[in-house]
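> quick check, what structure comes out for this input:
(chains A and B)
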Amino acid sequence: MNIPQEYKELTWQGLWKNNPGLVQLLGLCPLLAVTSTVVNALGLGLATLFVLMCSNATVSLIQKWVPKEIRIPIFVLIIAAFVTCVQLLMNAFAFSLYESLGIFLPLIVTNCAIIGRAEAYASKNPVKQASFDGFMMGMGFLFVLLALGAVREVLGQGTLFDGADLLLGQWASNLRIEIFALDNQFLLAILPPGAFIAMGFLIAAKNVIDTKIAEKQPKVQDEHIERVRVNFDS
Amino acid sequence: MRKAIEKNAKLLAIFAIACTALVAFVDFLTRDTIAQQQQQNLIKSLAQVVNSNAHSNNMSEACVLLNDESIGETAQKAYLGFYNEQPSAIAMTITAPDGYNGNITLLIGMNIDGMVTGIRTLSHQETPGLGDKIEQRKSDWVLSFDGKSLEGENDPQWAVKKDGGSFDQFTGATITPRAIVNASKRAIIYFKSHKNDIFTSQNKCQES
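Got it, this is the predicted structure:
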């Protein structure tokens, strides 16, 4: 298969090198708050992924008509519109999950990763690449959410996929795995401080892997232009 | 300069209108389903606190608003159950203002004599792992209210064990169960003394 270099690069950037959760550290508020179970993490991750793709595609489509002075309010409008749509759809079709995600669903609007990608990538690139970038960035974010959710759920409750029926329907209640039975829940893992600590370990693990890879690679001086990415925190 | 501002303002307006239109469209598509979901959810919660044999009407449609300091700062909803036109049961929302972390809203079901037929937690922000055992999916604790009656306003049984009553507290969290026990006690006292007013109340819930 011949995948253009650009897409490979986008995949690599979104999933690993420039991962919105682990490297850019954007959208930490929902990341830490809702990842107490895998199912919550999956729900929020998918919602964010969807919004990110839609907003990237739209921003890229309209880049010709948007003057740079008013681009930020327009991006915010677009993102807010998509988030509201997701919220309404979830309220209609995944009611219990909607209730358990609570305030963090509308808070996707304030996830800097989304407006960051709109500003840094989508507004300067064609639709195809922009949507793909949104997808990969969303996947990167989703994987971090899932990893955190899994770690915290196993440590905190001793289960995995608890409450999967909230997201996927009744059949999914069989997915619940009881890894070990706890008399008392391990509180630290469920509370936000536990999320910070787990997040710290995840970032550390990523850095260790990066260093290992860098050590293994023979040092070759190759001409290659660094692409500068501008990300801003809101 | 002026031209640029005008052009930008127009563009912003166009985008605002387009985005609003999109949201309005999705709202239009999902509105009925959402209302249906909320209605179903309500019926499900009501069925958990009031036995379906205890009433013959549709309780979710017999809703009145109650205003009283003792059951919550804001107006609370009560769903009335009638059996062959006779008042037979009630399910009402109450707010316990003294949870460990803010308000706890509850749904309490009682028969006409004020015996509790069920209590469920509707929303709370108690500590996960400690105070959240008031959710039924975490613990059976709320079921310990089923079938209990309050014997007089100073019933010593209606308290957590630490205070000499009959309800369990949780290890490491006494405030949460105490708040619920006290709130349910106030609700029962309120219901017993206002029974006639409640069942003849004209203060219907607004259709939202």
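> quick check: which ranges of chain A have low pLDDT?
In the predicted model, chain A carries pLDDT under 70 at residues A:1-3, A:165-172, A:181-185, A:219-234.
> residue numbers of chain A in contact with chain B?
A:36, A:65-67, A:69-70, A:73-74, A:77-78, A:80-81, A:84-85, A:88-89, A:91-93, A:95, A:156, A:163, A:184-187, A:190-191 (C-beta under 8 Å from any C-beta of the partner chain). Backbone N, C-alpha and C define where each C-beta goes, glycine included.
> in chain B, which spans are strands?
B:63-66, B:76-83, B:86-99, B:102-111, B:116-123 (DSSP state E).
> can the top helix by length along chain B be said to contact chain A?
The longest helix of chain B (DSSP state H) is helix B:2-49. Yes. Judged by C-beta under 8 Å from any C-beta, helix B:2-49 and chain A are in contact via B:4, B:7-8, B:11-12, B:15-16, B:19-20, B:22-23, B:26-27, B:30, B:33-34, B:37-38, B:41.
> mark which of the residues you listed are buried, thanks.
B:Asn8, B:Leu11, B:Leu12, B:Phe15, B:Cys19, B:Leu22, B:Val23, B:Val26, B:Thr30, B:Ile34, B:Gln37 (16 or more other C-beta atoms under 10 Å in any protein chain shown).
> name the helix or strand for the residue nearest the centre of chain A, please.
By C-alpha atoms, centre = their mean, chain A has its centre lying nearest to A:Phe141, at 2.1 Å. Using DSSP states H and E, A:Phe141 falls within helix A:127-157.
> buried stuff in that helix?
A:129-145, A:147-157.
> and stretch B:77-88, by the same measure?
B:Ala78, B:Tyr79, B:Leu80, B:Gly81, B:Phe82, B:Pro87, B:Ser88.
> a markdown table for those, including distance to chain A?
Compiled in a markdown table, the buried residues of stretch B:77-88 are given as follows (distance: C-beta to the nearest C-beta, whole Å):
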| residue | distance to chain A |
| --- | --- |
| B:Ala78 | 22 |
| B:Tyr79 | 19 |
| B:Leu80 | 25 |
| B:Gly81 | 25 |
| B:Phe82 | 28 |
| B:Pro87 | 31 |
| B:Ser88 | 29 |
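> from those residues, pick the one nearest B:Asp68.
B:Ala78 (10.6 Å; C-beta to C-beta).
> give me the beta-bridge partners of B:Gln86?
B:Tyr83 (DSSP bridges).
> follow-up on the earlier one: other SSEs contacting the helix holding A:Phe141?
When contacts are defined as 3 or more C-beta pairs under 8 Å, 6 or more residues apart in numbering or on different chains; DSSP states H and E, helix A:127-157 packs onto helix A:5-12, helix A:28-33, helix A:38-61, helix A:112-120, strand A:159-160, helix A:187-190, helix A:192-216.
> state the pLDDT value of B:Gly81.
Note on B:Gly81: pLDDT of 89.
> from B:Thr93, how far out is it?
15 Å (C-beta to C-beta, to the nearest Å).
> could you do B:Gly114 as well?
17 Å.
> before we move on, what about B:Val116?
Taken as C-beta to C-beta, the span from B:Val116 to B:Thr93 is 15 Å.
> and A:Ile209, by the same measure?
With C-beta to C-beta as the criterion, A:Ile209 and B:Thr93 are 52 Å apart.
> same deal with B:Leu150?
Taking C-beta to C-beta, one finds B:Leu150 at 19 Å from B:Thr93.
> B:Val142 reaches B:Ile119, doesn't it?
Yes. Using C-beta atoms under 8 Å, B:Val142 makes contact with B:Ile119 at a distance of 5.1 Å.
> got any residues that touch both of those two?
Residues touching both B:Val142 and B:Ile119 by C-beta atoms under 8 Å, 6 or more residues apart in numbering or on different chains: B:Ile180.
> more neighbours, those two?
B:Ile119 (27 against 22; other C-beta atoms under 10 Å in any protein chain shown).
> pull the contacting residues for the more buried one.
Taking C-beta under 8 Å, 6+ apart as the test, what B:Ile119 contacts is B:Val49, B:Leu106, B:Leu107, B:Ile108, B:Gly109, B:Val142, B:Phe145, B:Ile180, B:Ser184.
> run through the bridge partners of it.
B:Ile108.
> same thing with B:Ala96?
B:Ile104.
> ok, now which ones touch it?
B:Ala96 neighbours (C-beta under 8 Å, 6+ apart): B:Asn103, B:Ile104, B:Thr105, B:Leu106, B:Ala179, B:Ile180, B:Asn182, B:Ala183.
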